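[1] heads up, no residue letters with this:
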């Protein structure tokens, strides 16, 4: 067994992970407001006015990073679910419990800000037939479903496993959300940022979105680590 694998198994114990989670939470709690202030400043005061959407487009500095985080947190949650089911590590199941509320929060923010963006852009707050909107709404229900399963089953081990199974099954929704604007005719505009080509926006707009994404990321990690520590104290 290598030294690295020993470290991984060492931190798989709630008692040894507890102080590490605290250190991570403190660092991310400091970085989150710094990135938030920088991102909002660039997005609302530095980035130029959009030629087509005017000032209304600035909601993307909240909407887009929130939508990214809603999908990313679910993928991370599904990863911990798979680790928990495969290796039966308590910290893995605790991470699912810690991540689900934040993932649901960012999904709600993405839906809410998307509706306010849609009103001046599409002329309506919501279109039930739009694939991107519906799959994002399904993602919110999946988060609620995982949390509901964990809360409704008295046996904690069974509750954790049931939530983990649903988290893994629901991951199929993530690529559907991401590729929905390419696969179907949808009102939602295509991705402004892609892994395969340069962003189709001004540098300052892109910078503002990345700063806000980092802010949301730091916030998510900090809150997750605090929740994990609470889980460990409540279930030693």
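    Structure received. Only a predicted model underlies this, so the values are computations on that prediction, with no experimental measurement involved.

[2] tell me how many other residues crowd residue 175.
    12 (other CB atoms under 10 Å). For glycine as for every other residue, the C-beta is placed from the backbone atoms N, C-alpha and C.

[3] state the mean pLDDT of the helix or strand where residue 162 lies.
    Using DSSP states H and E, residue 162 falls within helix 156-170. Averaged across helix 156-170, pLDDT comes to 94.

[4] now swap in stretch 15-24 and tell me
    The average pLDDT within stretch 15-24 is 89.

[5] what does the helix holding residue 162 rub up against?
    74, 77-78, 80-82, 84-85, 92-93, 96-97, 100, 139, 142, 145-147, 149-153, 235 (CB atoms under 8 Å, 6 or more residues apart in numbering).

[6] which strands and helices lie in contact with the following helix or strand past it?
    Next along the chain after helix 156-170, taking DSSP H and E as the criterion, comes helix 173-183. Applying 3 or more CB pairs under 8 Å, 6 or more residues apart in numbering; DSSP states H and E, we find helix 173-183 packed against helix 60-87, helix 131-152.

[7] what's the most buried one of these?
    Of all the helices and strands packed on helix 173-183, helix 60-87 has the most neighbours on average by mean count of other CB atoms under 10 Å, namely a mean of 21.

[8] relative to helix 173-183, how tilted is that one?
    In terms of direction (axes from the mean of the first three to the mean of the last three CA atoms, to 10 degrees), helix 60-87 departs from helix 173-183 by 140 degrees.

[9] in the helix or strand just after helix 60-87, what's buried?
    Later in the chain than helix 60-87, the nearest helix or strand by DSSP H and E is helix 90-122. Neighbour-count burial for helix 90-122, counted by 16 or more other CB atoms under 10 Å, picks out 90-111, 113-114, 117-118, 121.

[10] so, low pLDDT: which residues of this protein?
    Segments of the chain classed as low confidence (criterion: pLDDT under 70) are 1-12, 51, 54, 120-121, 123, 125-126, 128-129, 181-201, 236.

[11] try it again at 90.
    1-19, 43-60, 87-90, 114-134, 153-154, 156, 177-206, 233-236 (pLDDT under 90).

[12] which ones are touching residue 138?
    Residue 138 is in contact with residue 173, counting by CB under 8 Å, 6+ apart.

[13] how close does it get to residue 26?
    Look at residue 138 and residue 26: by CB to CB, to the nearest Å, they are 35 Å apart.

[14] then residue 168?
    Plainly put, residue 168 is 31 Å away from residue 26 if you go by CB to CB.

[15] please identify which of the two sits among more neighbours.
    Using other CB under 10 Å as the criterion, residue 168 and residue 26 rank with residue 168 on top: 16 against 13.

[16] can you give me the buried ones in the helix holding residue 162?
    159, 160, 161, 162, 163, 164, 166, 167, 168, 170.

[17] ok, residue 15 - how many residues close by?
    Count around residue 15 with other CB under 10 Å applied: 9.

[18] in what helix or strand does it lie?
    Secondary structure from DSSP H and E places residue 15 in helix 14-41.

[19] could you check the angle helix 90-122 makes with that helix?
    Using the same axes, to 10 degrees: helix 14-41 against helix 90-122 is 20 degrees.

[20] in helix 14-41, what's buried?
    Within helix 14-41, the residues scored as buried using 16+ other CB under 10 Å are 14, 17-18, 21, 24-25, 28-29, 31-32, 35-36, 38-40.
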